[in-house]
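# would you be able to build a 3D model of this:
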Amino acid sequence: MRMLLTAALIAGLAGAGAQAADEPYADQFYGADAMEEARHELRHETGGMRQFFFQTDRLEYRSSDSEDAALWDINAWYGGRINRLWIKSEAEYSLDHGAFEEARVEALWSRAITPYFDLQGGIAHDFEDGNGRTHAVAALQGLAPYWFEVDVSAYLSNRGELTGSAEAEYELLLTQRLILQPRAELAWSAEDMPSLETGAGLTSIEAGLRLRYEIVRQFAPYVGIEWTRQLGETADYTRAAGGDPESTAIVAGLRIWF
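Model (predicted):
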């Protein structure tokens, strides 16, 4: 008799354990509907929220021996931790000639593929008089080891031209508010484009240093220096037009985000 009672007790405990495994324990006290609502809210607040971010990484005035110019480099995104819509824009306006030398806007869908990197794809358009182009874009953006911010992009234009760029930045904290930012960018083209005075191969390299002071985290003026060198056939185009393929500019600007 005692053996039968022991077996029944073990079977009862096993059944209760199986029921507890199938049904969350808190549901037995607060109800399944209430707990599902609470779990949905928890998922939303710890990764499912939609947010908006805007940043002018570079909003600056440039002065060099060849010309004075204004430049902006703007990034904005809306979405969650996994999927986001990115809007990027970069432009350079010649103050000497009163015209845009470069102007591009990109709309990209971004998906996180690792905790540190996003895969992006979308379209871009260049606003250039007589040479405007629309591109399909594929990009990889994220945070590399040792905290380097990298952005690698490839562009296929509506004229079948394949170009691309790779950019890297690093932030060195001299103090909690004074930050030195090295930056480098390399551009390339798969073919010769005479209408844009661009040759095949590596087309240009930029390297710069910017020292900024964060008055508040979201608002930081900076000063710096930027070196630019055109390469290969692209440099030949510039020389043929009477220009210098190499220049150094003093820059001053603002970094703003919210």
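# who's in contact with Val105?
Ile87, Lys88, Ser89, Ala124, His125, Phe127 (Cβ atoms under 8 Å, 6 or more residues apart in numbering). For every residue, glycine as well, the C-beta is placed using N, CA and C.
# can you rerun that using 6 Å?
Listed by Cβ atoms under 6 Å, 6 or more residues apart in numbering, the contact partners of Val105 are Ser89, His125.
# quick check: which element contains it?
Taking DSSP states H and E as the criterion, Val105 maps to strand 99-112.
# quick one: contacts for Leu59?
Trp72, Gly253, Leu254 are the contacts of Leu59 under Cβ under 6 Å, 6+ apart.
# also Ser204?
Ala187, Gln230.
# identify the bridge partners of it.
On the basis of DSSP bridges, Ser204 is bridged to Ala187, Gln230.
# let's have the chain start at 8 instead
Let's use 8 as the start, then, which means that last one is Ser211.
# ok, it to Ile257 distance?
Look at Ser211 and Ile257: by Cβ to Cβ, to the nearest Å, they are 19 Å apart.
# kindly report the same for Ser196.
Using Cβ to Cβ, one obtains 29 Å as the distance from Ser196 to Ile257.
# compare the two (neighbour count), which wins?
Each of Ser196 and Ile257 has its neighbours counted (other Cβ atoms under 10 Å); Ser196 has more, 22 against 12.
# right, and that one touches Thr210 too?
Yes. Using Cβ atoms under 6 Å, Ser196 is in contact with Thr210, at 5.3 Å.
# overlap in contacts, the two.
Residues within reach of Ser196 and of Thr210 at once, by Cβ under 6 Å, 6+ apart: there are none.
# where along the protein do the strands fall?
Applying DSSP state E to the chain gives strands spanning 58-71, 75-86, 90-101, 106-119, 124-133, 140-151, 155-164, 169-176, 179-180, 185-196, 208-220, 226-237, 253-264.
# any idea what the most centrally placed residue in the chain is bridged to?
Centre of the chain computed as the mean C-alpha position; nearest residue by Cα atoms, centre = their mean is Gln148, 5.3 Å away. With DSSP bridges applied, Gln148 shows beta-bridge pairing to Asp125, Asp158.
# cool, and Trp84?
Here Trp84, judged by DSSP bridges, has bridge partners Phe60, Trp93.
# now do Thr141
Beta bridges link Thr141 to His132 when assigned by DSSP bridges.
# isn't the residue nearest to the centre of the chain right up against Asp158?
Yes. In this structure Gln148 lies within contact range of Asp158 using Cβ under 6 Å: 4.7 Å.
# which stretch among the strands of the chain comes nearest Phe36?
Using Cβ to Cβ as the measure, strand 58-71 is the one of the strands of the chain that comes nearest Phe36, at 33.9 Å.
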